[in-house]
Structure formats: C-alpha cells, structure tokens
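Peer 1: When you get a sec, could you give me coordinates for this:
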Amino acid sequence: EEFFVSYRCRVGLEDYMTPIGTYHIARRSMDPTWTDPQTGRRIPAGDPANELGTRWMGFEEIPSIGIHGTIHPETIGADASSGCIGLLTEDVEQLYDLLPQGTEVRIYQNRAEAERSGDRQRRASLPRSASGESDD
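Peer 2: Take a look at the predicted model:
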C-alpha cells in the first residue's frame, strides 16, 4: 500500500540545521516531558513552557532529534528549532497516529528534491526547507 502526506513544518536554525538523511522512529510519546537543553530543567506535559507540545517521535539514529508539536504555531514555516521538526498540534497528532515505531523518515533539503526522489511509499518524507517551497 502506498501512502504520502506532507505538512508545513519548522526546522532547525542555521546553527542547528535539521539533519538531512534517513532515520527511523524509535521512541513515541504522548504528552511528553521536555528537558530544556540550556538549563536541564524537566518541564512536564501540559506546562505552557513545554516545547514538545502533545507528541514526540524521536529518531533512533540521533536520539535528541525527532518530530514533535510546538507551543509556538507562528514558527511553522520558519527555521526556528534546535534541529527537530516541529508541526502544528493537529498535524503532529495525526502523524503520530499514522507512524508506528520503526517507520522510516527521510528528510530532504527541499520539496523539489523530495518530489524528484519519487518517494511515495509508506514513510514520512519531509523537506528540510521549513516553508516546503523549493530552494531551486
């Protein structure tokens, strides 16, 4: 069965570029606790300061990087994270329901690259460009 979906997202700032490549969903969490990488403070689910929002899907290959929600919806479409892919709450909740543990995720430089790849199998294929627009 073939499946493909795309979402507007936010990606890493220039100093924290979201890594391009192929990854696998290793850890999934509903209402995750977030640990602030700057302070080490653990922020529980539901706290307005919890940057992960309502869902976390961490990558096996880079445990600190993954796909999650955001408490800052205005950052969707921007380079605004510390490397993770951030989605709107409704989008990350839908994606969470679609991607079981072990799902392959491919991150491309931009939408045009993803479309040229012909990637239409059951995996998430996300453009590195936050706007989803081609950088070509």
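Peer 1: Show me which helix runs longest in this protein.
Peer 2: As assigned by DSSP state H, the longest helix anywhere in the chain is helix 89-98.
Peer 1: Give the pairing partners of the next helix-or-strand element following it; include direction for each.
Peer 2: Next in sequence after helix 89-98, counting helices and strands by DSSP states H and E, comes strand 104-108. Applying DSSP bridges, strand 104-108 is found paired with strand 21-30 (antiparallel), strand 124-127 (parallel).
Peer 1: Just say which of those strands is most tucked in.
Peer 2: Highest mean neighbour count among the strands paired with strand 104-108 (mean count of other C-beta atoms under 10 Å): strand 124-127, with a mean of 24. All C-beta spots, glycine's among them, are computed from the backbone N, C-alpha and C.
Peer 1: Do I have it right that C9 meets G86?
Peer 2: Yes. The pair C9 and G86 qualifies as a contact (C-beta atoms under 8 Å) at a distance of 6.2 Å.
Peer 1: overlap in contacts of those two?
Peer 2: Common contacts of C9 and G86 (C-beta atoms under 8 Å, 6 or more residues apart in numbering): I76.
Peer 1: what's next to stretch 20-31, contact-wise?
Peer 2: With contacts defined as C-beta under 8 Å, 6+ apart, stretch 20-31 is touched by 45-46, 54-63, 65-67, 96, 99-109, 128.
Peer 1: Show the buried residues in those.
Peer 2: If you count burial by 16 or more other C-beta atoms under 10 Å, the buried members of the contacts of stretch 20-31 come out as 54-59, 65-67, 96, 99, 103, 105-108, 128.
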